[in-house]
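Chemist: this one's structure only:
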C-alpha cells in the first residue's frame, strides 16, 4: 500500500490506500464538525470565512481562520519533510513517521475527550490539531500515489470524476475506456469510503464523543500492521520460489 512507488505501484495498491485513508478522513471530518463546528479535512471554506472576517473588521476571527490554514499547510510540509528525511535512511520506512504522527495526534484529541483524565483542550486547539493531521495524511497519500489519490477533500475529486465520465461517451476514446473505468471506480471508492466514514463516525460520536478518534487512530495502526505483514508475506514468497 505504501512501499511501492513508480512502475512497481499498481491500481490495487492505490485502491487499498484510497479506501482505508478516505474512510479515516470521513470520520475526522464529521467529528470535527460535530465537536467544534469546524471543517477539518480541507481549507477551501476557511479562505471564505477568513475573507468574511476581514471585511467585517473582525481581525481576531480572521486570524483564527488564517491559523487553521497554516495548520493544514504545516501538516503537509512536515509530512513531506519527514518522508524526504527518512527516504535515505534504511532504518526508517518513509511512510511510517507521518502515519505515526497522525496516530498520535488523533489519539491525543481522542483522549482529551475522556473526562476522567481532566485534559482541557480548547475547541480551536482541537480544530488546529485535526487540520494538521489531515495535512499530514493528504501530503503522504499524494506523494505515495504520485498524485493519483486524494483522501481528505472531494471538490477536485468530483471535478475529475465529471471529466472522466464525459470521456466515456466518445467512440474515439474506446482504447482508453479500460483505464477510464478504473479511474472512475477508484474515485467512486474514495467517495463511498469518505461518506461511510462520515456516517459511521457520526453514529460513533453520538455515543462516545471525541473518543471516536481513539478508534480511528487504532484503525490507522491496523493499516500499518497490515501493510507490514503483507510485505513480509510477499518477501517470503519470493524467497521460496
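Modeler: Alright, I've got the coordinates. Keep in mind that this is a model prediction, so the values were computed, not measured.

Chemist: Counting neighbours, which bits of the longest helix along the chain end up buried?
Modeler: Ranked by residue count, the top helix of the chain under DSSP state H comes out as helix 177-208. Buried positions in helix 177-208, judged by neighbour count with 16 or more other CB atoms under 10 Å: 180, 183-184, 186-187, 189-191, 193-194, 197-198, 200-202, 204-205. From N, CA and C alone the C-beta is placed, and that goes for glycine too.

Chemist: Could you pull out the helices in this protein for me?
Modeler: Under DSSP H, the chain gives helices at 11-36, 44-55, 59-87, 96-112, 123-144, 155-167, 177-208, 212-240.

Chemist: Columns mean pLDDT on top of these, output as a markdown table?
Modeler: Compiled in a markdown table, these are given as follows (pLDDT from 0 to 100):
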| stretch | mean pLDDT |
| --- | --- |
| helix 11-36 | 92 |
| helix 44-55 | 94 |
| helix 59-87 | 94 |
| helix 96-112 | 94 |
| helix 123-144 | 94 |
| helix 155-167 | 90 |
| helix 177-208 | 93 |
| helix 212-240 | 85 |
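
Chemist: Turn these into JSON lines, columns for distance to residue 2.
Modeler: Output for the helices of the chain, formatted as JSON lines (distance: least, CB to CB, whole Å):
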{"stretch": "helix 11-36", "distance to residue 2": "7"}
{"stretch": "helix 44-55", "distance to residue 2": "27"}
{"stretch": "helix 59-87", "distance to residue 2": "10"}
{"stretch": "helix 96-112", "distance to residue 2": "8"}
{"stretch": "helix 123-144", "distance to residue 2": "6"}
{"stretch": "helix 155-167", "distance to residue 2": "20"}
{"stretch": "helix 177-208", "distance to residue 2": "17"}
{"stretch": "helix 212-240", "distance to residue 2": "6"}
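
Chemist: picking that back up, what is the orientation angle of the longest helix of the chain with helix 212-240?
Modeler: With axes from the mean of the first three to the mean of the last three CA atoms, to 10 degrees applied, the angle from helix 177-208 to helix 212-240 works out at 140 degrees.

Chemist: Measure how far helix 177-208 is from the centre of its chain, please.
Modeler: Relative to the mean C-alpha coordinate of its chain, helix 177-208 is positioned 12 Å out (CA atoms, centre = their mean, to the nearest Å).

Chemist: Determine the set of other helices and strands touching it.
Modeler: On a contact count with 3 or more CB pairs under 8 Å, 6 or more residues apart in numbering; DSSP states H and E, helix 177-208 meets helix 11-36, helix 155-167, helix 212-240.

Chemist: For residue 79, which of the ones you listed is the nearest?
Modeler: helix 11-36 (12.5 Å; CB to CB).
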